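> Pasting the sequence and the predicted model now:
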Amino acid sequence: MTQTTTKYIFVTGGVSSSLGKGIIAASLAKLLQSQGYRVTIQKLDPYINIDPGTLNPYEHGECYVTDDGAETDLDLGHYERFLNVPTSQANNVTTGRIYQSVIDKERLGVFLGKTVQVIPHITDEIKHRIQLLGSSGDFDIVITEIGGTVGDIESLPYVEAVRQLKWEMGNNNAIAIHLTLIPYLSAAGELKTKPTQHSVKTLMESGVQADILVCRTEHELSQSIRTKLARFCNVKEECVIQSIDASTIYDVPNLMLEEGLDKVVLKQLNLERHQPDLTSWNTFLQRHKNPTDEVKIGLIGKYVELQDSYKSILEAFTHAGAANEVKVEVESIHSEHITAKNVSELLSNLDGILVAPGFGERGIEGKIEAIRYVRKNNIPFFGICLGMQMAVIEFARTVLGLSDANSSEMNETTKNPVIDLMEDQKQIENMGGTMRLGAWECTLSSPSISYDAYKKDTINERHRHRYEYNNSYKKQLEEKGMIATGINPDTGLVEIVEIPTHPWFVGVQYHPEYKSTVANPHPLFKAFIEAALRHKTSN
Ligand code: GLN
């Protein structure tokens, strides 16, 4: 289906943060995609960092990475998992990036003679970034999610850009969806619409009339509440969409379908509605909700108390679980709490452990203890990025007898830097955007666990790290049984290590979790869950 013009849907949020704009945007996109439309989603973040790459996961959750090496908001992960279409740098724009490009242009003399101002220069840059995806010709519909909450000072230029675009493009080409909260006051036993009325009014003060309200609620919205909302917020009654709490985010597309969100969106955009084809989506849901078995996986990291820090890993488990028709029960274990003394008590009842990515020294000795335990006790092990690096260190210390083996990230002066900085990283001074980022090719050797999982010779996976497996230890490591089974064909860097004598021991330098989607569960996650299931049955 080709459209002559791209249509735009803006999603704003009101009343409260964390209402799940990303999930609503992704669910709507899924419904439109399942009717044959080419859809993409963009996230505009109103903070001044250039990207979330330098943010602590405690601040901002996981940093998601795209094929083109952009360090982005974790909502892009939801977009890819729902749509199975890769995103790129253009899908995530921050205020920092907007200002940086305007200021760069100012220095170049692009605005010579003019005073550079928020309106029109910043708003023009925002409008340009919004239309960039549409002008590629690759999409019929672009959904742009505005981060933050309406009324925030930092959101104002974005709302102004939305106002201008809606005006310029016309009602049938650009619409605004406002996601809001309908709180339930238990003392009064009532759902309350007032915060939403105020939030819609705040949006109107900036000149934007919401076309559709998506109302987050813990209880069903009665007809009278819908009528009231429609009347006071200037929207048609059919445009008051209920978004009730769901047991899984993957239910939301179907819930939005029942509420007719796609119907009112397409009607307003003057686009034809087709019967959505959600067959494979529903097959996934069916499997996800009806597991025939269960495995217990330990997730070892230092941000485990925060769900969002390892978002993509948890979602990849959901996809892999459904593929195997098993429930994956993830037990989070704080790496700082693991010692040689308690490791057996903490890990012995698990069917597999995953050692998470991370930066810095905190918690690494606990990760190494955990890896030593599962390596010796034949428990399936999956190490990602820092998790893979720790597996190499553990093996070098215990099996090669290099007791001071370490990563030069943790100990710059170690005599045995089995994980080390490459020459090209040594000159780098800037912290932002300078790691090995984005998709890199990797050649698999066969036979290997990885080859078995991927069933091909060459793969492409996304990276986000500075330190690398040190090839000067490769010979020793391989002689003692830790084999490099995945190599970057251009640089010779080791991307995968395995121990063939162990039932399932795999460490990967890249982040497979970023590429796992509902339609394409990641092969290594799938194989890891299979191995965990085998481990459980054999015990
Ligand atoms: N800190 C390690 C590095 O920079 C690993 C990074 C990661 O786990 N993403 O190489």
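Yes, it's here.

> secondary structure class for the residue in the stretch 151-300 of the chain that the ligand sits nearest to?
In the stretch 151-300 of the chain, the residue found nearest to the ligand is I300; the distance is 12.6 Å by C-beta to the nearest ligand atom. C-betas here are computed from N, CA, C, even on glycine. Secondary structure, DSSP: H, G, I helix; E, B strand; the rest coil: I300 is strand.

> again with L165
helix.

> quick revisit: for the residue of the stretch 151-300 of the chain closest to the ligand, which residues make a bridge with it?
Note on I300: beta-bridge partners by DSSP bridges are I333, V355.

> Confirm for me that it is in contact with G366.
Yes - the pair I300 / G366 is scored as a contact, 7.3 Å apart, by C-beta atoms under 8 Å.

> Report how many residues lie close to the residue of the stretch 151-300 of the chain closest to the ligand.
31 (other C-beta atoms under 10 Å).

> again with the one 4 residues further on
Summarising burial for V304: neighbours were counted as other C-beta under 10 Å, giving 21.

> who's in contact with it?
Y310, S332, I333, H334, S335, A356 (C-beta atoms under 8 Å, 6 or more residues apart in numbering).

> Can you report phi and psi for E329?
The phi and psi values for E329, taken as degrees, to the nearest 10, are phi -90, psi 110.

> residue closest to the middle of this protein?
With distances taken as C-alpha atoms, centre = their mean, the residue of the chain nearest its centroid is G77 (2.7 Å).

> hang on, that one in a strand?
No - under three-state DSSP, G77 falls outside any strand and is assigned helix.

> Excluding covalently adjacent residues, which one is nearest to it?
Of all residues not flanking G77 in the chain, Y64 sits nearest, at 4.4 Å (C-beta to C-beta, 6 or more residues apart in numbering).

> So for S136, what's the pLDDT?
On pLDDT, S136 comes in at 88.

> So which elements touch the lengthiest helix in the chain?
For the chain, the longest helix by residue count, based on DSSP state H, is helix 523-538. If you count contacts as 3 or more C-beta pairs under 8 Å, 6 or more residues apart in numbering; DSSP states H and E, helix 523-538 packs onto strand 293-301, helix 311-324, strand 326-334, strand 352-355, strand 381-384, helix 449-454, strand 505-508.

> ok, now which ones touch the nearest residue to K327 once chain neighbours are set aside?
The shortest distance from K327 to any non-neighbouring residue, by C-beta to C-beta, 6+ apart, is to P291 (3.9 Å). Contacts here follow C-beta under 8 Å, 6+ apart; on that basis P291 touches G321, E325, V326, K327.

> could you redo the last one with a cut-off of 10 Å?
Counting by C-beta atoms under 10 Å, 6 or more residues apart in numbering, P291 touches G321, A322, N324, E325, V326, K327, V328.

> A26 now?
With contact taken as C-beta under 10 Å, 6+ apart, A26 is in contact with 20, 39, 41, 75-83, 143, 145, 249, 252-253.

> Tell me which residues of stretch 453-469 come out buried.
A453, Y454, I459, E461, R462, H463, R464, H465, R466, Y467, E468, Y469 (16 or more other C-beta atoms under 10 Å).

> interface residues of the stretch 301-450 of the chain facing the ligand?
P357, G358, F359, C385, L386, E409 (C-beta under 6 Å from any ligand atom).

> can you pick the most crowded of those residues?
Busiest of those [other C-beta under 10 Å] is L386, holding 28 neighbours.

> near the ligand, which residues of the chain show up?
By C-beta under 6 Å from any ligand atom, the residues of the chain that approach the ligand are P357, G358, F359, C385, L386, E409, R464, H465, R466, Y467.

> Just want the angle from the one helix or strand M388 maps to to strand 293-301.
M388 is located in helix 386-398, with elements delineated by DSSP states H and E. Orientation of helix 386-398 against strand 293-301 (axes from the mean of the first three to the mean of the last three C-alpha atoms, to 10 degrees) gives an angle of 80 degrees.

> Show me the shaky parts of this structure.
For the chain, the stretches with pLDDT under 70 are 1-4.

> can I have the helix holding M388 written out in CSV, keeping just the CAs?
The C-alpha atoms that make up helix 386-398 are tabulated as CSV, following Å, rounded to 0.1, in the frame of the first residue of the first chain:
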residue,chain,number,x,y,z
LEU,A,386,30.3,-7.7,30.7
GLY,A,387,28.9,-11.2,31.5
MET,A,388,31.0,-12.7,28.7
GLN,A,389,34.1,-10.7,29.8
MET,A,390,33.7,-12.0,33.3
ALA,A,391,33.5,-15.6,32.0
VAL,A,392,36.8,-15.1,30.3
ILE,A,393,38.3,-13.7,33.4
GLU,A,394,37.0,-16.5,35.6
PHE,A,395,38.4,-19.1,33.2
ALA,A,396,41.8,-17.4,33.0
ARG,A,397,42.0,-17.2,36.8
THR,A,398,40.7,-20.6,37.7
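
> which residues are in contact with the helix or strand following it?
Once the chain leaves helix 386-398, the next helix or strand it forms, by DSSP H and E, is strand 406-407. Residues outside strand 406-407 that contact it (C-beta under 10 Å, 6+ apart) are 361, 364, 368, 386, 389-390, 392-393, 396-397, 412-421, 466-470.

> quick one, what contacts the residue nearest to E259 when sequence neighbours are not counted?
Take E259 and drop its neighbours on the chain: the residue closest to it by C-beta to C-beta, 6+ apart is I241, 4.6 Å away. By C-beta under 10 Å, 6+ apart, the contact list for I241 reads 24, 28, 177, 179, 212-215, 221, 226, 235, 255-256, 258-261, 263-265.

> Filter those residues down to just the ones in strands.
Under the assignment DSSP state E, the contacts of I241 contribute I177, L179, I212, L213, V214, C215 to strands.

> ok, and the most crowded of these?
Ranked by neighbours (other C-beta under 10 Å), the ones in strands among the contacts of I241 are led by L179, which has 28 neighbours.

> I figured it hits G147, correct?
No - the criterion here is C-beta atoms under 10 Å, and L179 misses it with G147 at 11.8 Å.

> From the contacts of I241, keep the buried residues only.
24, 28, 177, 179, 212-215, 221, 226, 235, 255-256, 259, 261, 263-265.

> Of all the residues in stretch 28-46, which ones are buried?
For stretch 28-46, using 16+ other C-beta under 10 Å, the buried residues are 28-35, 37-46.

> ditto for stretch 336-355
I338, V343, L346, L347, L350, D351, G352, I353, L354, V355.

> Pipe those into a markdown table and attach distance to L493 per row.
Shown next, in a markdown table, are the buried residues of stretch 336-355 (distance: C-beta to C-beta, whole Å):
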| residue | distance to L493 |
| --- | --- |
| I338 | 29 |
| V343 | 31 |
| L346 | 33 |
| L347 | 30 |
| L350 | 31 |
| D351 | 31 |
| G352 | 26 |
| I353 | 25 |
| L354 | 22 |
| V355 | 20 |
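
> Greatest separation within those: which pair is it?
Spatially, the most separated pair among these is I338 and D351, at 17.6 Å (C-beta to C-beta).

> wait, T94 sits on H60?
No - applying C-beta under 10 Å, one finds T94 not in contact with H60, separated by 11.0 Å.

> Those two - which one has more neighbours?
Neighbour tally, T94 and H60, criterion other C-beta under 10 Å: the higher count belongs to T94, 21 against 17.

> Spatially nearest residue to the more buried one (excluding sequence neighbours)?
Nearest residue to T94, sequence neighbours excluded (C-beta to C-beta, 6+ apart): D45, at 4.5 Å.

> Run through the residues that contact that neighbour.
By C-beta under 10 Å, 6+ apart, the contact set of D45 is 51-52, 60, 72-73, 75, 92-97, 145-148, 154, 158.
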